[in-house]
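*Asks:* next come a sequence and a model predicted from it.
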Amino acid sequence: MEQALHTLRQVFGYETFRPPQDSIIRTVIGGGDALVLMPTGGGKSLCYQIPALVRPGCGVVISPLIALMQDQVSALRQLGVRASFLNSSLDPAQAQEVEAQLLAGELDLLYIAPERLAQQRCLALLERTAISLFAIDEAHCVSQWGHDFRADYLQLSLLHRHFPAVPRIALTATADARTRQEIAARLDLGGASQFIAGFDRPNIRYRIALKHNPRQQLLRFLRDEHPGDAGIVYCLSRRKTEEIASWLCDQGLDALPYHAGLDAATRAAHQARFLRDEGVIMVATIAFGMGIDKPDVRFVAHLDMPKTVESYYQETGRAGRDGQPANAWMIYGLQDVIKLRQMMATSTGSEEHKRAEQHRLNAMLGLCEITSCRRQALLNYFGESLGQPCGNCDTCLQPADTWDGTEAARMALSAVYRTGQRFGVNHVIEVLRGGETDKVLQFDHHLLPTFGIGRQWDASQWRSVFRQLVARGLLSVDLERFGALRLEQRCRPLLRGEESIQLRRDPPQAKPARQQTRTSLPADIDIALWEALREQRRQLAEEQGVPPYVIFHDRTLQEMCFSLPRDCSELGMVSGVGQRKLEKYGVQFLRVIAEHAPAH
Ligand code: ADP
Ligand code: ZN
């Protein structure tokens with residue numbers, strides 16, 4: 001372990017391990033197998049990189065994401081680690097060179113695509129090599145139950161048979177217990193030590209607001225809080241990603257669309273720009289995301305509500321992998337609820353499957369409507385508990401108001417019933433508010449006892465009531481009949497007067513003008529120095545054709561802004577500055593700092 005700590009400091013420039021990194025590393029260095037569950041950004045890579053450096057031989061990493069191997073390898077080489085990869089992007093001559101390096105014992109880490117590993121030729125090669133460990137990254141790909149199943153992963157159980165003496169470490173950020181069991185079974189990891197880190201992502205601020213003018217709300221969020229930041233905007237449809245991306249470009253922002261309908265070359269080009277340039281906004285469907293290893297994604301915005309809490313947590317989890325403050329921002333409204341309920345109703349699949357889907361959607365809606373801490377609710381959903389409200393979500397920061405909505409809800413339900421459960425929300429609201437529209441008159445709804453009984457609330461308050469009734473499953477929406485509202489069994493106790501209901505009081509739409517509040521930067525940072533350091537980093541990255549974060553992470557540059565190192569030994573104390581980077585870049589960054597802080 002002494003050697004591991006030395007490597008952490010010398011090579012990676014970090015002072016201490018983050019638990020449970022130390023226990024995992026101890027296990028693997030000792031030759032044991034490990035199954036590691038850690039949230040995104042938890043620091044999984046070090047768990048195999050350090051043992052690979054400490055143990056004799058080359059560490060073999062199996063990773064499904066060919067597109068990212070190049071960046072992972074570049075990042076390691078920046079640290080002075082001898083890393084390479086073998087995948088289909090190499091031509092035969094290049095592959096041969098890597099193989100020769102491997103056989104000559106000149107590699108510390110080798111990344112291999114799973115389909116290649118299973119080939120006889122590759123196995124024969126590895127059998128002639130000293131191997132320090134096998135790391136199976138994104139191990140949930142072996143599970144058919146999970147969401148990223150990869151048939152090639154099933155072959156990986158052969159590792160145990162072919163290389164019984166080599167320790168294996170499987171890593172994933174996917175939480176659920178069933179996937180975990182499947183990983184252990186399919187990879188023959190029954191005897192492995194399991195390490196499960198908490199799933200909390202304390203640096204992510206969760207916010208869910210009501211949708212009223214989505215484009216303007218998004219623009220304001222981006223301009224006020226994330227000028228120049230990289231982030232992802234998720235939308236449900238392909239067309240919408242293109243529309244929003246082009247609209248954001250019209251507003252002067254650097255945005256690109258990404259969805260499965262784009263051709264492969266365009267997708268690759270957009271992804272490369274997102275990874276390599278700073279401050280690119282990716283407007284994407286869920287097709288974008290798996291294994292986006294970019295550490296400095298400062299926000300994830302949802303313009304449409306995901307169908308499940310699992311998806312929401314996974315998508316928002318792509319923000320802030322570097323541990324720096326990041327925003328998970330979502331807007332949703334009655335239409336989202338209706339649309340998703342409809343999609344479920346018309347989905348094919350067994351009754352059991354539909355019930356499970358309904359259940360998951362209800363949990364997601366519950367999260368949107370909740371008036372207590374969102375993080376507590378999220379963690380609770382994944383079977384974890386957080387003792388205190390988190391203080392870093394919207395409901396903690398600005399406690400939501402509730403009101404006794406029993407009377408309003410009864411009026412709403414009764415109006416739905418009296419109009420025959422055949423009308424959509426707008427018409428029912430007209431009836432409640434006593435609007436003498438053509439439709440009201442045509443159906444004689446002005447003669448109903450419910451006509452005009454709800455004038456004390458305006459249309460937007462009524463929409464809020466209906467949204468919450470649908471979200472809680474008291475009303476359903478019949479999509480085949482133009483969104484007609486229908487009563488559900490669950491509304492009976494309320495109608496009978498046996499239950500009351502607390503509703504969320506939606507905040508007023510027009511918010512007071514706000515100050516620019518860059519949530520992603522410390523308030524007292526010297527912006528000029530920060531920008532100058534970023535510019536220096538950008539130049540170096542461009543010269544070498546690597547993403548900027550491969551040179552230094554944001555956190556490292558920010559620490560420089562505060563500690564203002566004057567020489568190499570002071571710079572070497574900054575977290576993230578290892579020996580190799582100090583030698584390569586120390587002088588340039590020290591010069592920038594000296595120019596900006598001359599009096600220092
Ligand atoms: P994961 O693969 O679990 O999403 P990474 O391995 O990419 O996470 O690590 C996330 C971030 O945390 C990276 O920026 C990494 O350099 C940093 N990190 C990991 N371990 C430590 C540590 N012990 N001290 C400081 N930073 C760390
Ligand atoms: Zn909270």
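*Replies:* Alright, I've got the coordinates. Numbers count the residues shown, from 1 in each chain. Ligands and ions are numbered 1, 2, ... in the order given.
*Asks:* and stretch 339-356, how far apart are its ends?
*Replies:* Stretch 339-356 stretches 18 Å from its first residue to its last (Cα to Cα, to the nearest Å).
*Asks:* and what of stretch 82-97?
*Replies:* 14 Å.
*Asks:* now that stretch: average pLDDT?
*Replies:* Averaging pLDDT along stretch 82-97 gives 94.
*Asks:* so which bits of it are buried?
*Replies:* By 16 or more other Cβ atoms under 10 Å, the buried positions in stretch 82-97 come out as 83, 84, 85, 86, 87, 95. Every residue, glycine included, has its C-beta placed from N, CA and C.
*Asks:* please identify the helix or strand for the last one.
*Replies:* In other words, residue 95. Assessed by DSSP states H and E, residue 95 sits inside helix 92-103.
*Asks:* following element in sequence after that helix, please.
*Replies:* strand 109-112.
*Asks:* and that following strand, which strands flank it?
*Replies:* strand 58-62 (parallel), strand 83-86 (parallel) (DSSP bridges).
*Asks:* what lies in contact with the longest one?
*Replies:* Read that as strand 58-62. By Cβ atoms under 8 Å, 6 or more residues apart in numbering, the residues outside strand 58-62 that reach it are 48-49, 51-53, 102, 105, 107-114, 117, 126, 129-137, 156.
*Asks:* could you find the closest non-adjacent residue to the closest residue to ligand 2 within the stretch 1-150 of the chain?
*Replies:* Per Cβ to the ion, residue 39 is where the stretch 1-150 of the chain lies closest to ligand 2, at 16.8 Å. Excluding the flanking residues, the one nearest residue 39 by Cβ to Cβ, 6 or more residues apart in numbering is residue 199, at 4.9 Å.
*Asks:* in which helix or strand does that neighbour reside?
*Replies:* Counting by DSSP H and E, residue 199 is part of no helix or strand.
*Asks:* and it, how far is that from residue 382?
*Replies:* According to Cβ to Cβ, to the nearest Å, residue 199 and residue 382 sit 5 Å apart.
*Asks:* sorry, back to before: quick one, which of the strands paired with strand 109-112 gets closest to ligand 1.
*Replies:* strand 58-62 (11.6 Å; Cβ to the nearest ligand atom).
*Asks:* export that closest one to PDB, keeping only CA atoms.
*Replies:* Extracted in PDB, the C-alpha atoms of strand 58-62 (Å, rounded to 0.1, in the frame of the first residue of the first chain):
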ATOM      1  CA  CYS A  58       0.600  -5.200 -17.900                       C
ATOM      2  CA  GLY A  59      -2.900  -4.400 -16.800                       C
ATOM      3  CA  VAL A  60      -5.600  -5.300 -19.400                       C
ATOM      4  CA  VAL A  61      -8.700  -3.200 -19.400                       C
ATOM      5  CA  ILE A  62     -11.800  -4.300 -21.200                       C
END
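*Asks:* which SS class is whatever residue of the stretch 301-450 of the chain ends up closest to ligand 1?
*Replies:* The minimum distance from the stretch 301-450 of the chain to ligand 1, using Cβ to the nearest ligand atom, falls at residue 322 (4.5 Å). Following DSSP: H, G, I helix; E, B strand; the rest coil, the label given to residue 322 is coil.
*Asks:* is it in contact with residue 557, as I believe?
*Replies:* No: in this structure, residue 322 is not within contact of residue 557 by Cβ atoms under 8 Å, at 11.0 Å.
*Asks:* neighbour count for those two, which is higher?
*Replies:* For residue 322 versus residue 557, the count of surrounding residues by other Cβ atoms under 10 Å is larger for residue 557: 24 against 19.
*Asks:* residue 339: how many residues sit nearby?
*Replies:* Around residue 339 there are 16 residues (other Cβ under 10 Å).
*Asks:* how much space separates it from residue 310?
*Replies:* Remark: distance between residue 339 and residue 310 (Cβ to Cβ) = 19 Å.
*Asks:* which other helices and strands contact the host helix or strand of residue 53?
*Replies:* Using DSSP H and E, residue 53 maps to helix 44-54. Helices and strands touching helix 44-54, as assessed by 3 or more Cβ pairs under 8 Å, 6 or more residues apart in numbering; DSSP states H and E, comprise helix 2-7, helix 21-29, strand 34-37, strand 58-62, strand 109-112, strand 131-136, strand 168-172.
*Asks:* what about the helices in the stretch 501-600 of the chain?
*Replies:* 527-544, 548-551, 554-563, 568-571, 579-596 (DSSP state H, counting those that start in this stretch).
*Asks:* what's the helix holding residue 95 packed up against?
*Replies:* Using 3+ Cβ pairs under 8 Å, 6+ apart, helix 92-103 is in contact with strand 83-86, helix 120-127.
*Asks:* contacts for that helix?
*Replies:* 58, 82, 84, 85, 86, 90, 107, 110, 125, 128, 129.
*Asks:* let me know the next secondary structure element after whichever strand or helix holds residue 465.
*Replies:* Residue 465 belongs to helix 459-471 when assigned by DSSP H and E. Scanning forward in sequence from helix 459-471 by DSSP H and E, the next helix or strand is strand 475-478.
*Asks:* for that next one, what is the average pLDDT?
*Replies:* pLDDT averaged over strand 475-478 gives 85.
*Asks:* and it, which strands flank it?
*Replies:* For strand 475-478, pairing defined by DSSP bridges yields strand 484-487 (antiparallel).
*Asks:* quick check: buried residues in the strand it pairs with?
*Replies:* 484, 485, 487.
*Asks:* pLDDT check: weakest of those?
*Replies:* At the low end of pLDDT for the buried residues of strand 484-487 is residue 484, which has 89.
*Asks:* so it sits against residue 422, correct?
*Replies:* Yes: the criterion here is Cβ under 8 Å, and residue 484 meets it with residue 422 at 5.1 Å.
*Asks:* and the residue lying closest to residue 532 once chain neighbours are set aside, how many neighbours?
*Replies:* By the measure of Cβ to Cβ, 6+ apart, the closest residue to residue 532 outside its immediate chain neighbours is residue 592, 5.1 Å from it. Look at residue 592: counted by other Cβ under 10 Å, it has 18 neighbours.
*Asks:* gap between the two ends of stretch 521-532?
*Replies:* Counting by Cα to Cα, you get 15 Å between the two ends of stretch 521-532.
*Asks:* and the contacts of strand 58-62, which of them are buried?
*Replies:* 48-49, 51-53, 102, 107-114, 117, 126, 129, 131-137, 156.
*Asks:* what's stretch 358-365 in contact with?
*Replies:* For stretch 358-365, contacts defined as Cβ under 8 Å, 6+ apart pick out 305-310, 312, 337, 340-341, 344, 381, 471-473.
*Asks:* repeat that for 10 Å
*Replies:* 305-312, 332, 336-337, 340-341, 343-345, 377, 381, 467-468, 470-473 (Cβ atoms under 10 Å, 6 or more residues apart in numbering).
*Asks:* near ligand 1, which residues of the stretch 501-600 of the chain are found?
*Replies:* residue 553 (Cβ under 6 Å from any ligand atom).
*Asks:* for ligand 1, what's the nearest residue on the stretch 501-600 of the chain?
*Replies:* For the stretch 501-600 of the chain and ligand 1, the shortest gap (Cβ to the nearest ligand atom) falls at residue 553, measuring 5.3 Å.
*Asks:* how about that residue, what does it touch?
*Replies:* With Cβ under 10 Å, 6+ apart, residue 553 has these contacts: 295, 296, 321, 322, 323, 324, 537, 559, 575, 576.
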